[in-house]
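Asker: prediction below, plus the sequence it came from.
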Amino acid sequence: MIRYINRGPEVTIQDPLHPGQYKKYKDLNWQGMPEIISFTDYLRWNYTFNYGMHIRKLHAEHVLPIPYTIKPNSKILNVTIVTGKYDRVDYSSFLLYVICDVFFNCDGILIHQEYCVSGYFRMFGPSDFFNSVEIYNRKRIRCQAPLDEFLVPVMSKSGFDIVAAEILDKYYNKEYGYNNRINGKALAEGMGYTIQYRRLSVNGNLKSKLIIDRKDVVVYDSKGHPITLLIPARTILVDKSLKEDAKLDNVIIHECVHIYLHNLFYYAQSLYRSVIGKEVPEFLDYFYSETQKDCIRWMETQANSIARHIQMPRGETTDFIIDFIDRHDEELSFDDYRELIDMVKNRFGVSRYAAKKRIIELGWTEVRGVYTYCTTGYVDDHEIESRLPADQTYTLPLRCIAQIFGESKEFATLASSRRYIYIDGHMCRNDEKYVIKEYGVAFGLTEYAKHHMSECCISFKQIYGKQEYSYTYGELNKEDLRIIVEHTLDSEQKKRLRLAMDERKSEGQKLGNKATTNPLGEAIKFHMKRCKVTSDILADRSGLGIATITKLRNGKKVKLETILAFSVALELEKTFMLDLVQKANLNFDARNPAHNMYLTILELLPDANVFQINEFLKEEGFTPWTQERELKQEQTAI
């Protein structure tokens, strides 16, 4: 009773387990084959029979260890591969421990026993999958350098420095020295790879490709037309836009990390492709399981992080930071930390973000609140106490605030209470101790607030969305993708919000309306008269066109954005604004991101005028309430 997978017509290829011998495989076009294969599945689909024969042979020779519950003359019915554990030895070899489930027939009773079959795999030279067989007692198999099922190294962040040092020691020409910037091209050449510059994508997002084996690759000419070129093996393709760019070294070093750490992954996929007999030019998303996606993401995380460690070696970077600090007799200020980040950036030829992240990794967490980017620029520098977890922040784009506003009733209630105000990327207590105000308008955080963030600002937990990377046979593509960040409130923050809700007095006052034939038009005229504004003045204050204002006065159908622009221009109280929205037969849709953004702006930026709101909406990717909207309408009319 041996389990076979029906895989169609046969093909004969060289057997990697036995050099010089050949093995038959089946089904070249089975659509159930995944795009990326784990090494365990590779063994399961192609070597289950071999493992079964080896275990049967040991049992027939009475050398297979068996527990007392199984008689020596019992017959083996079936052998299946359950899972595998892999231990990296070096660049081209690893130990493997394959767990097999063996079914015995003991006088008509089916008994199964798990065995651990150990062996080793070599990319160059003979491999031995059947070195020893032992009873598997479910104890943990301890590996010195564990690999996951796709043969990607499993390591903690603390191991990144070790790998970075290994790569530099083995492949970087010592003549370049470490006192200068690490030369990415020199490192690649030391690893036996050449660099070619091509236009890799039309939109410029694709920065590099690592070509393991010779293959046809699609690139683009200056007009964006696709061209197929035969690229030789051991080549790093770099987008032409980076040839003279400061990011060039980082991109090349990124691919060098892939070469050093992930060559076993590439080799396994190469074996797999030779088995199914085809090369897929571009992979289809629906073939990817979450496990396969996580494999690619983890490889990219390792390449990104270790490249930073290579460019900024621990010893040299630490010495540089200490030397900077020693030159300052007094405690470092925000300006000093900014200078430190920029000096590390310039010294090692990295981005400002990478320099800051490396400084934090090396223990100087004081820079966490310096050079913090939010929406369209850096917020004011602020102090973050060391006890605040690394995955929490006080700085949040208004887009994310709007998302929470739409999802959290507690947060929306707190924002509506005006006890907190959104200022300079922070949800801060609306108090003169923390917020600088002139004529009732908030301008920024006080120096006290910047040094006491935990006292006055709400912190948010950062949840980093998963980046998607593409993998094509023999290539691993590094793209510039924006990290999607979601923000949630932890239990302590929710407790603070609920307490604030209890303190807030309920408002039950509603605007009384008289029955009229045109309630919207009458209300618009009433507010314009009350505020003493003409149509021309309203147009200047709101950006609304005269034609639209006439429609408002006549009570005609208008957009929600028009009502909001009118209300903000006349600085109407919230109750009056909501009354106009109701009279216009409009409403806010909680599922609409734009509407959530509008509500958030109205609650947290009560002093903003229409033109400031329009500008901010444009920066956030939303259509402004007026100006451009009016221009579109006029162009349509023409």
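Answerer: Now that the structure is in, tell me what you want to look at. Numbers count the residues shown, from 1 in each chain.
Asker: name the nearest residue to residue 302, ignoring sequence neighbours.
Answerer: residue 261 (6.0 Å; C-beta to C-beta, 6 or more residues apart in numbering). C-beta here means a position set from N, CA and C on the backbone, and glycine is covered the same way.
Asker: now do whichever helix or strand residue 49 is part of, average pLDDT.
Answerer: Element membership of residue 49, judged by DSSP states H and E, is helix 39-60. Averaged across helix 39-60, the pLDDT comes to 90.
Asker: now it, how far from the chain's geometric center?
Answerer: Chain-centre distance of helix 39-60: 39 Å, with C-alpha atoms, centre = their mean, to the nearest Å.
Asker: ok, and what's touching the helix or strand encompassing residue 454?
Answerer: According to DSSP H and E, residue 454 maps onto helix 453-456. Residues from elsewhere that reach helix 453-456, judged by C-beta atoms under 8 Å, 6 or more residues apart in numbering: 369, 382-385, 388, 394, 426, 428-429, 431, 433-434, 449, 459.
Asker: ok, 7 Å please
Answerer: For helix 453-456, contacts defined as C-beta atoms under 7 Å, 6 or more residues apart in numbering pick out 382-385, 394, 428-429, 434, 449.
Asker: tell me the buried residues within those residues.
Answerer: For these, a burial check counting by 16 or more other C-beta atoms under 10 Å picks out 382-384, 394, 428-429, 434, 449.
Asker: switch these over to JSON lines; also include pLDDT and secondary structure.
Answerer: Listed next are those as JSON lines, based on pLDDT from 0 to 100; DSSP: H, G, I helix; E, B strand; the rest coil:
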{"residue": "382", "pLDDT": "94", "secondary structure": "coil"}
{"residue": "383", "pLDDT": "93", "secondary structure": "coil"}
{"residue": "384", "pLDDT": "93", "secondary structure": "coil"}
{"residue": "394", "pLDDT": "93", "secondary structure": "coil"}
{"residue": "428", "pLDDT": "93", "secondary structure": "strand"}
{"residue": "429", "pLDDT": "93", "secondary structure": "strand"}
{"residue": "434", "pLDDT": "95", "secondary structure": "coil"}
{"residue": "449", "pLDDT": "95", "secondary structure": "helix"}
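Asker: between those residues, which is nearest residue 59?
Answerer: Within the buried ones among the contacts of helix 453-456, the smallest distance to residue 59 is 63.5 Å, found for residue 384 (C-beta to C-beta).
Asker: what sits against that closest one?
Answerer: 368-369, 394, 453.
Asker: can you check residue 430 too?
Answerer: Applying C-beta under 7 Å, 6+ apart, we find residue 430 in contact with 418-421.
Asker: out of the residues you listed, list just those in strands.
Answerer: Using DSSP state E, the members of these that fall in strands are 420-421.
Asker: tell me the strands beside the longest strand along the chain, with direction?
Answerer: In the chain, taking DSSP E as the definition, the longest strand is strand 75-90. The pairing partners recorded for strand 75-90 under DSSP bridges are strand 93-106 (antiparallel), strand 146-147 (antiparallel).
Asker: next SSE after the first one?
Answerer: Downstream of strand 93-106, the next assigned helix or strand under DSSP H and E is strand 109-122.
Asker: report the buried residues of the following helix or strand past that following strand.
Answerer: With elements assigned by DSSP H and E, the helix or strand that comes after strand 109-122 is strand 128-135. Under the neighbour-count criterion of 16+ other C-beta under 10 Å, strand 128-135 has 129-130, 133 buried.
Asker: wait, residue 520 touches residue 584, no?
Answerer: Yes. Counting by C-beta atoms under 7 Å, residue 584 is a contact partner of residue 520 at 5.2 Å.
Asker: out of these two, which sits in the busier spot?
Answerer: residue 520 (25 against 22; other C-beta atoms under 10 Å).
Asker: one step back: out of the contacts of helix 453-456, flag the one nearest to residue 353.
Answerer: residue 384 (16.4 Å).
Asker: residue contacts, residue 398?
Answerer: Contacts of residue 398 (C-beta under 7 Å, 6+ apart): 375, 422, 600.
Asker: ok, now residue 113?
Answerer: Counting by C-beta under 7 Å, 6+ apart, residue 113 touches 67, 70, 102, 104, 135.
Asker: confirm that the first one sits in a helix.
Answerer: In this case it means residue 67. No. Per DSSP: H, G, I helix; E, B strand; the rest coil, residue 67 lies outside any helix segment and is coil.
Asker: give me phi/psi at it?
Answerer: phi -70, psi 170 (degrees, to the nearest 10).
Asker: mind checking how far it is from residue 60?
Answerer: 18 Å (C-beta to C-beta, to the nearest Å).
Asker: so which bits of stretch 370-382 are buried?
Answerer: Using 16+ other C-beta under 10 Å as the test for burial, stretch 370-382 gives 370-372, 374, 379-382.
Asker: hmm, I was thinking of stretch 310-322
Answerer: Buried positions in stretch 310-322, judged by neighbour count with 16+ other C-beta under 10 Å: 310-314, 317-318, 320-321.
Asker: ok, back up a step: in the helix holding residue 454, which residues are buried?
Answerer: 453, 456.
Asker: same question, stretch 519-539
Answerer: For stretch 519-539, the neighbour count (16+ other C-beta under 10 Å) marks 519-524, 527-528, 533, 538-539 as buried.
Asker: can you check stretch 239-253 too?
Answerer: By neighbour count, with 16+ other C-beta under 10 Å as the criterion, the buried positions of stretch 239-253 are 239-240, 242, 247-253.
Asker: for stretch 195-204, same thing?
Answerer: Those would be 195-196, 198-201, for stretch 195-204 by 16+ other C-beta under 10 Å.
Asker: so which residues make contact with that stretch?
Answerer: 185, 188, 206, 209, 219-220, 224, 231, 235-241, 243, 252.
Asker: make a PyMOL selection of the buried ones in those.
Answerer: Those of these that count as buried under 16+ other C-beta under 10 Å are selected in PyMOL with:
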select buried, resi 185+188+206+209+219+220+231+235+236+237+238+239+240+252
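Asker: ok, back up a step: filter the contacts of residue 430 to the buried ones?
Answerer: 420-421.
Asker: give me the domain ranges for the protein.
Answerer: The chain is divided into the following domains under automatic domain parsing: 10-147, 157-311, 372-470+481-507, 519-637.
Asker: wait, residue 321 sits on residue 360?
Answerer: No. Look at residue 321 against residue 360 with C-beta under 7 Å: they stay out of range, at 11.1 Å.
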